[in-house]
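the sequence and its predicted three-dimensional model are supplied below.
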Amino acid sequence: MNSKKRVIGCAVFVCILVIAAGPAQAQIPSPALLVLSEDSSSLAIIDPQSRKIVGRVPTGQGPHEVAVSSDGKLAFVTNYGLTNPVTPGDSISVIDLAAQKELRRVRIGTAARPHGIAFAGGKAYFTAEGFKMIGSYDPVRDEIDWMLGNGQDRTHMLVLDRGLNRIFASNVGSDSIAAMERLDSPDSNDWNVTVIPVGKAPMAIDLSPDGKEVWTAHTADGGVSVVNVAAKKVVQTLRLGTKRTNRLKFTPDGRRVLISDRDGGELLVLDAATRKEVKRIRVGSRPSGILIVPDGSLAYVAVQGENHLAVIDLKTLEVTGRIPTDSNPDGMAWIGR
């Protein structure tokens, strides 16, 4: 009898420990899709197979873009701040994805307005609109170890070449692309900045997979500038008649370019070689962020006005599904195979 009481007592004790500890943290699926919500100031972790949110992590106010470390362990989120009421953001959230928690919030400076972000060479490179600069954050040393000004207004998005010797940034307020080239050795901190005039209010930007061209979509005039990297000049301007382009992405094979027309409710598909329009896909109200999976089979488009992601089959160029998200989804990143 005493033995039975001891067994029951132990079982009750274990149950109490489990309840006190709370529910176990859900494991991150592989692959996983990360999606930012500007309105709820959070990062959602989505299982692309079940198309369900499996975790959430709070961020700073108004997160816009996210990048993931090469090992898939950390996410870096630019906290851009609010536009209504105007509250400029000043930080980057560093998130432990396995633990699903914010490790630290790196302060850049008052009214920095960080926006674009990319991870390469062990560091997170970011734009700071309010400072007319780009910079890099070293997560190992936990410090912003480099910043470079370009003298242009609203430095918004950036893209890096594979060797980290060239960085291109779109400057919305100056109608320009800044081409920043490292001088001398890969470890040199000497950079040359070339300002390349483009169309009105360039925002979206991407580098072709072969590194030969930079494309930028103009928010205000419905055009796209094609920049020759070697010559550092515009070689062609495409007149697409879009209403307000937001993001532009090359497919991994470099054959096509996807452009979201935020006010037109469409995703444009262009042939990169001929630079001709292939199709316009109706995706919904206010499409914004675009993410293409590594094998080039699917694209996800953040449809801000309807709080979901549109899933695009890149072979058929059709919407094949929709994934519910938190309010006002935008920047995305991919983890895993």
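Perfect, thanks for sending it.

just the strands in the stretch 151-300 of the chain please.
Using DSSP state E, counting those that start in this stretch, the strands assigned to the stretch 151-300 of the chain run over residues 155-160, 166-171, 176-182, 191-197, 202-207, 213-218, 223-228, 233-239, 245-250, 256-261, 266-271, 276-282, 287-292, 298-303.

excluding its backbone neighbours, what's nearest Val140?
Gly122 (7.0 Å; Cβ to Cβ, 6 or more residues apart in numbering). Using the backbone N, CA and C atoms, a C-beta is placed for each residue, glycine as well.

correct me if wrong: the one you found contacts Arg141.
No. Using Cβ atoms under 8 Å, Gly122 makes no contact with Arg141, being 10.1 Å away.

ok, the two, which is more surrounded?
Gly122 (12 against 9; other Cβ atoms under 10 Å).

pLDDT below threshold where in the stretch 151-300 of the chain?
Along the stretch 151-300 of the chain, segments meeting pLDDT under 70 span 185-188.

go ahead and confirm Ile289 touches Ala302.
Just to correct that, residue 289 is Gly rather than Ile. Yes. With contacts counted by Cβ under 8 Å, Gly289 reaches Ala302, the gap being 4.0 Å.

which one of those two has more residues nearby?
Legend: neighbour count by other Cβ under 10 Å for Gly289 and Ala302, higher for Ala302 (31 against 24).

list the contacts of the more buried one.
Ala302 sits next to 35, 287-290, 309, 325, 329-332 when contact means Cβ atoms under 8 Å, 6 or more residues apart in numbering.

which one of those residues sits closest to Gly149?
Gly331 (24.1 Å; Cβ to Cβ).

what pLDDT does the closest one get?
Gly331 is assigned 98 on the pLDDT scale.

contacting residues for the nearest residue to it once chain neighbours are set aside?
Nearest non-adjacent residue to Gly331, counting by Cβ to Cβ, 6+ apart: Glu65, 3.9 Å away. Applying Cβ under 8 Å, 6+ apart, we find Glu65 in contact with 36, 77-78, 115-117, 157, 330-331.

repeat that for Ala230.
Ala230 touches Lys212, counting by Cβ under 8 Å, 6+ apart.

which among the contacts of Ala302 count as buried?
35, 287-290, 309, 325, 329-332 (16 or more other Cβ atoms under 10 Å).

can you put these in CSV and add distance to Ala272?
Below are those laid out as CSV (distance: Cβ to Cβ, whole Å):
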residue, distance to Ala272
Val35, 26
Pro287, 20
Ser288, 22
Gly289, 20
Ile290, 15
Leu309, 24
Thr325, 29
Pro329, 27
Asp330, 25
Gly331, 23
Met332, 22
